[in-house]
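Q: Okay, sequence plus prediction incoming.
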There are 2 protein chains.
Amino acid sequence: MNDGNRQVVLAARPVGAPKLGDFHLQETRRPEPGTGEMLIRTLWLSLDPYMRGRMNAQKSYAEPIPIGGVIEGGTVSVVEASNHGDYAVGDIIVGRAGWQEWAVSAGTGMRKINPNAGPLSASLGVLGMPGMTAYTGLLNIGQPKAGETVVVAGASGAVGSVVGQIARIKGCRAVGVAGGAEKCTFTTGELGFDACIDHRAPDFANQLGAACPDGIDVYFENVGGPVLEAVFPLMNMWGRMPVCGMISHYNDTAPSPGPNMLPKAMMLILTRRLILRGFIVRDYTSQLDDFLRDVGGWVREGRIRYREDVLDGLDKAPEGLIGLLQGNNFGKLVVKVAEL
Amino acid sequence: MNDGNRQVVLAARPVGAPKLGDFHLQETRRPEPGTGEMLIRTLWLSLDPYMRGRMNAQKSYAEPIPIGGVIEGGTVSVVEASNHGDYAVGDIIVGRAGWQEWAVSAGTGMRKINPNAGPLSASLGVLGMPGMTAYTGLLNIGQPKAGETVVVAGASGAVGSVVGQIARIKGCRAVGVAGGAEKCTFTTGELGFDACIDHRAPDFANQLGAACPDGIDVYFENVGGPVLEAVFPLMNMWGRMPVCGMISHYNDTAPSPGPNMLPKAMMLILTRRLILRGFIVRDYTSQLDDFLRDVGGWVREGRIRYREDVLDGLDKAPEGLIGLLQGNNFGKLVVKVAEL
């Protein structure tokens, strides 16, 4: 073990889709923990769509990453040295150490996990931020009732897969949308969705309508674009739309071409008394224990399954994120940074 | 008094803006009340934007008016003959007798009003469906808090005028949008709004921003179009949008030209955690007593004022509705059909 710390920093703000040159892999000195701090070593790094927004100059949810700054990201780490009373060497913690091999932390936003409860990387997916996003958005805003139809895109991915499986557990018809036959087959076969439609199909909107014979009661929105436009006319009276993400627009550099679908959408919100509500997972931080109890239980019982797409090595993170924004991943995308 | 009954019926479904030829004024025989029914004579007829939707073949909130059918509408009527135990000759009732001089009713949807409580026509405006639309939508969905900014279009009209005045009563900054300087002056002068912006001004969006220095917390949506597009970027975190109407689109015959504003709107819903919720007044029927108590009290105290735009004679109703959809009215538009 030398005393270096490899990091990926933001080299330039992407214009449209990020490219490799927008990232820079550098090596700095490993930091030293001060009073009340600990030194942690990254084991797993999570790649998630929201990261694209942080690379822009404008504030979205949070402050942008500065040029030259380490890219933000959720991590599973091991404590290698500790001056912090609550953490001991060898503890496994989940938090936001970013795209780097080593970090110093005062514990803010960190949480210990039980390393024997399952694969460590699950704390970045089904039992982490994406899973909790699915759980809190679906249950608090979507409020699915037995017999209703729930639609979600990215159905084989980190959030969508959990949305659909919780919908099934709640007695709903779960209809997924995914890119390509392989993901659709996985979604209905392995994950147990009632149907999954390939958004690349030329008759996608018709197929979606056929898969939702009783209309759509809950649309968990994480993609935008043509999927959203196909969903809107299928929404039932009193439908709910938790608005969680818009991945198809994160790389937009110009207004979308017409026609302008906003008036039609608003007319449907009006006449069908829809509720649209934006949220992010940290709006529901107080529900962490409920989430871990419920989803943890469902995973143990085999009622919620998940798939990971693993990249090996921190240097793979830039191409991983670029591909994620194009839908190239198959399952929750994580980077294995180091062995425990 | 002869035994005729003048009616305005739907002659043809309008394409785009209704024209006079889409309506037909006819005279039929006055109906006879059967067992449990009463014969009522129309005194006042309300003209409201929602009527446009009923003239289309597609269902919006309710079934369309059939070709040849009497146009629907809220009315104040007097009971002229009664076989109904709850109603006596001379009672004044508000209900939905439609665009005709006489009607037979079994009492469904009718309600007696106190003829000494104020002008009868107020039961079609500030103390009727439009006032209750403003009251229930603003309070249930908008949930205005003291110090917040509430924006509403049609600010001198039946719904908007009540929205802004209730917002003021609740301690909010009320910013109206209206068509033309005269309506704006009335809105700030007579109705006490903090500001009112003319949506016809070329720099409308900039003026709206300047009138909302702390952003917008509640936008009561009844118009759509450029007003909505100017409002969206001004919405504050946790903002609420009761979606009540889209008058600028009711005559649309084709999709609106681009750019497509839906992705941008959804991104703002997401990152600012907005709530959009469609409603119509009958979703809140159970709040009628609260409405009459609160708004009735505020009208008596002079804290809510209103203006009526009165047309004289049933035959004026078609041109009245045509003009209403173009914003030609100034205040709540009512038709005086007959003297008491």
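A: That came in fine, so what should we check first?
Q: residues near the residue in chain A that chain B sits nearest to, how many?
A: Closest residue of chain A to chain B, Cβ to the nearest Cβ: A:Gly258 (1.6 Å). Where you see a C-beta, it was placed from the backbone N, CA and C, and this is true even at glycine. Counted by other Cβ atoms under 10 Å in any protein chain shown, the residues lying close to A:Gly258 total 13.
Q: Please name the residues that touch it.
A: Contact analysis of A:Gly258 by Cβ atoms under 8 Å, 6 or more residues apart in numbering or on different chains lists B:255-260.
Q: cutoff 10 Å now
A: B:255-261 (Cβ atoms under 10 Å, 6 or more residues apart in numbering or on different chains).
Q: before we move on, what about A:Ala317?
A: By Cβ under 10 Å, 6+ apart, the contact list for A:Ala317 reads A:8, A:23, A:25, A:45-47, A:51, A:71, A:73, A:99, A:311, A:333-335, A:337.
Q: residues contacting A:Gly137?
A: By Cβ under 10 Å, 6+ apart, A:Gly137 lies in contact with A:152, A:159, A:163, A:218, A:220-222, A:242-245, A:277-281, A:283-284.
Q: same question, A:Asp283
A: A:Asp283 touches A:136-137, A:140-141, A:277, B:238, B:273, counting by Cβ under 10 Å, 6+ apart.
Q: Now tabulate these in JSON lines and tack on distance to B:Met132, secondary structure and pLDDT.
A: Formatted as JSON lines, those follow (distance: Cβ to Cβ, whole Å; DSSP: H, G, I helix; E, B strand; the rest coil; pLDDT from 0 to 100):
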{"residue": "A:Thr136", "distance to B:Met132": "35", "secondary structure": "helix", "pLDDT": "98"}
{"residue": "A:Gly137", "distance to B:Met132": "33", "secondary structure": "helix", "pLDDT": "98"}
{"residue": "A:Asn140", "distance to B:Met132": "29", "secondary structure": "helix", "pLDDT": "98"}
{"residue": "A:Ile141", "distance to B:Met132": "27", "secondary structure": "helix", "pLDDT": "98"}
{"residue": "A:Arg277", "distance to B:Met132": "25", "secondary structure": "strand", "pLDDT": "98"}
{"residue": "B:Trp238", "distance to B:Met132": "26", "secondary structure": "strand", "pLDDT": "98"}
{"residue": "B:Arg273", "distance to B:Met132": "29", "secondary structure": "coil", "pLDDT": "97"}
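Q: ok, these vs B:Lys59, which is closest?
A: Set against B:Lys59, the nearest of the contacts of A:Asp283 by Cβ to Cβ is A:Arg277 (26.0 Å).
Q: one step back: are any of the contacts of A:Gly258 buried, and which?
A: Among the contacts of A:Gly258, those buried by neighbour count (16 or more other Cβ atoms under 10 Å in any protein chain shown) are B:256, B:260-261.
Q: okay, those in JSON lines with distance to chain A and pLDDT next?
A: JSON lines is the format used below for the buried ones among the contacts of A:Gly258 (distance: Cβ to the nearest Cβ, whole Å; pLDDT from 0 to 100):
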{"residue": "B:Ser256", "distance to chain A": "4", "pLDDT": "90"}
{"residue": "B:Asn260", "distance to chain A": "4", "pLDDT": "95"}
{"residue": "B:Met261", "distance to chain A": "4", "pLDDT": "95"}
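Q: Show only the entries of these found in helices.
A: Per DSSP state H, helices hold no members of the buried ones among the contacts of A:Gly258.
Q: Quick check on the contacts of A:Asp283: which are buried?
A: By neighbour count, with 16+ other Cβ under 10 Å, these hold A:136-137, A:141, A:277, B:273 as buried.
Q: For the longest helix belonging to chain A, which outside residues touch it?
A: In chain A, ranked by residue count with DSSP H as the criterion, the top helix is helix A:288-300. With Cβ under 10 Å, 6+ apart as the test, helix A:288-300 has contacts from A:111, A:113, A:117-118, A:122-123, A:126-128, A:131-136, A:139, A:162, A:165-166, A:169, A:281, A:284, A:287, A:303-306.
Q: Sort out which of those residues are in helices and list them.
A: Per DSSP H, these map to helices at A:131-136, A:162, A:165-166, A:169.
Q: farthest pair in these?
A: Taking Cβ to Cβ, no two of these sit farther apart than A:Thr133 and A:Ile169, at 16.7 Å.
Q: Give me the more crowded residue out of those two.
A: Neighbours were tallied for A:Thr133 and for A:Ile169 using other Cβ under 10 Å; the higher tally belongs to A:Thr133 (27 against 17).
Q: what's the nearest residue to the more buried one if we skip its chain neighbours?
A: A:Val281 (4.3 Å; Cβ to Cβ, 6 or more residues apart in numbering or on different chains).
Q: so the one you found touches A:Leu138, yeah?
A: No: the criterion here is Cβ atoms under 10 Å, and A:Val281 misses it with A:Leu138 at 11.7 Å.
Q: Would you map the strands across the stretch 151-300 of chain A?
A: Secondary structure of the stretch 151-300 of chain A (DSSP state E, counting those that start in this stretch): strands at A:173-178, A:195-198, A:216-220, A:235-243, A:275-278.
Q: With distance to B:Asp294 added, can I get the ones you listed in JSON lines?
A: Compiled in JSON lines, the strands of the stretch 151-300 of chain A are given as follows (distance: least, Cβ to Cβ, whole Å):
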{"stretch": "strand A:173-178", "distance to B:Asp294": "42"}
{"stretch": "strand A:195-198", "distance to B:Asp294": "48"}
{"stretch": "strand A:216-220", "distance to B:Asp294": "34"}
{"stretch": "strand A:235-243", "distance to B:Asp294": "26"}
{"stretch": "strand A:275-278", "distance to B:Asp294": "25"}
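Q: want to try JSON lines for the ones you listed, with distance to chain B as columns?
A: Shown next, in JSON lines, are these (distance: least, Cβ to the nearest Cβ, whole Å):
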{"stretch": "strand A:173-178", "distance to chain B": "16"}
{"stretch": "strand A:195-198", "distance to chain B": "20"}
{"stretch": "strand A:216-220", "distance to chain B": "12"}
{"stretch": "strand A:235-243", "distance to chain B": "5"}
{"stretch": "strand A:275-278", "distance to chain B": "4"}
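Q: For B:Pro233, which of the ones you listed is the nearest?
A: strand A:275-278 (14.4 Å).
Q: Quick check: chain neighbours aside, which residue is closest to the residue nearest the centre of chain A?
A: Geometric centre of chain A, nearest residue: A:Pro130, 4.2 Å, by Cα atoms, centre = their mean. The spatial neighbour of A:Pro130 that comes closest, neighbours along the chain excluded (Cβ to Cβ, 6+ apart), is A:Ala158 at 3.5 Å.
Q: Let me see the contact set for the one you found.
A: A:46-49, A:124-126, A:128-131, A:133-134, A:222, A:306-309, A:324, A:329, A:331-334.
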